[in-house]
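Chemist: sharing a model prediction with you, sequence too.
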Amino acid sequence: MNPFERHGIHHLSASSLNLFAAEPALWVATKLLRRAIPAGLAAQRGKAIERAVALGLFNPDLPVEECQAAAEAEYDALTAFAPPAERDKERKMIAPIVATALAELRQYGIPDPPADGEPQHRIEVRFPEIPVPLVGYLDFLFSAHGIVVDLKTVTRIPTEISPAFARQGALYVAGTNRQMRFAYAAPKRIAVYALDDPAVHLAALSVIAQRLGRFLSISADPHALAAIVCPDYEDFRWSDPAARAIGREVFGF
């Protein structure tokens, strides 16, 4: 049995590999020991905005205000038990981000619909050197233009695509001639960046996956693997109190 399936891992994703590269201890806690960390308010905001933008793109005549209301309603449902002050801070950004994203992305036309019953386009990529496939889910595919767009909701626009997102985007266009674009939508403006040299970033994903395989080969016991990594609690991924509690439980400090 290969080291991935020995640990019950039947496929990989760009987000999982990026997490292993950035914070192996958190990867072990969540992927091997199956400790669940609740999504933060920013993540819930992003989820609600993405679904509302999709609603507006697939229904181009739908008023922006209805899309904004749909996003706010979903966010309210997802964060009903969050502290009100923290919840409202994120909520204020929803309507303006939906507006900026739709103003930009409606210029591309109507995206290709996903397969029946699927919220997104599922893609699967196999590397000969990795015994399990890499799976990803596209936000928006505009096949008429040969473009894949991934929507990122942010408070401030970055100056370039991060390496982690570049690896994610490279997976989305692997084996195609499509161009990968990232749309960074903030409350007041949006910036769209095209990914250069996706093959370079795809190769990086392969290297990370191979290193993960060698790490998993050390032991079939996930607790033994947890014993050889240490969490960096200064990393933002540990900022949630629930995450830190899991860290103390798993790593002893």
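Modeler: Arrived safely, thanks for sending.
Chemist: how distant is the one helix or strand Pro96 maps to from the center of its chain?
Modeler: Using DSSP states H and E, Pro96 sits in helix 94-105. Chain-centre distance of helix 94-105: 19 Å, with CA atoms, centre = their mean, to the nearest Å.
Chemist: over to stretch 114-123?
Modeler: Counting by CA atoms, centre = their mean, stretch 114-123 comes out at 16 Å from the chain centroid.
Chemist: between the two ends of that stretch, how far is it?
Modeler: In stretch 114-123, first residue to last residue: 11 Å (CA to CA, to the nearest Å).
Chemist: any idea how far the closest residue to Pro198 other than its chain neighbours lies from Pro24?
Modeler: Residue nearest to Pro198 in three dimensions, not counting chain neighbours: Ala170, with 4.0 Å by CB to CB, 6 or more residues apart in numbering. Glycine gets a C-beta too; all of them are placed from N, C-alpha and C. Distance of Ala170 to Pro24, given as CB to CB, to the nearest Å: 21 Å.
Chemist: same check, this time on Ala194
Modeler: 31 Å.
Chemist: same thing with Thr153?
Modeler: For Thr153, the distance to Pro24 equals 27 Å [CB to CB].
Chemist: of the two, who's got more company?
Modeler: Set Thr153 next to Pro24 and count neighbours by other CB atoms under 10 Å: Thr153 wins out with 26 against 20.
Chemist: that one bridge partners, please.
Modeler: Beta-bridge pairing for Thr153 (DSSP bridges): Ala185.
Chemist: ok, it touching Glu50?
Modeler: Yes - in this structure Thr153 lies within contact range of Glu50 using CB atoms under 8 Å: 7.4 Å.
Chemist: is Ala191 located within a helix, as I assumed?
Modeler: No - with DSSP: H, G, I helix; E, B strand; the rest coil as the criterion, Ala191 is located in strand rather than a helix.
Chemist: surely it meets Tyr184?
Modeler: Yes - counting by CB under 8 Å, Ala191 touches Tyr184, with 5.0 Å between them.
Chemist: quick one: which of these two has more around it?
Modeler: Higher neighbour count among Ala191 and Tyr184: Tyr184, with 22 against 16, using other CB under 10 Å.
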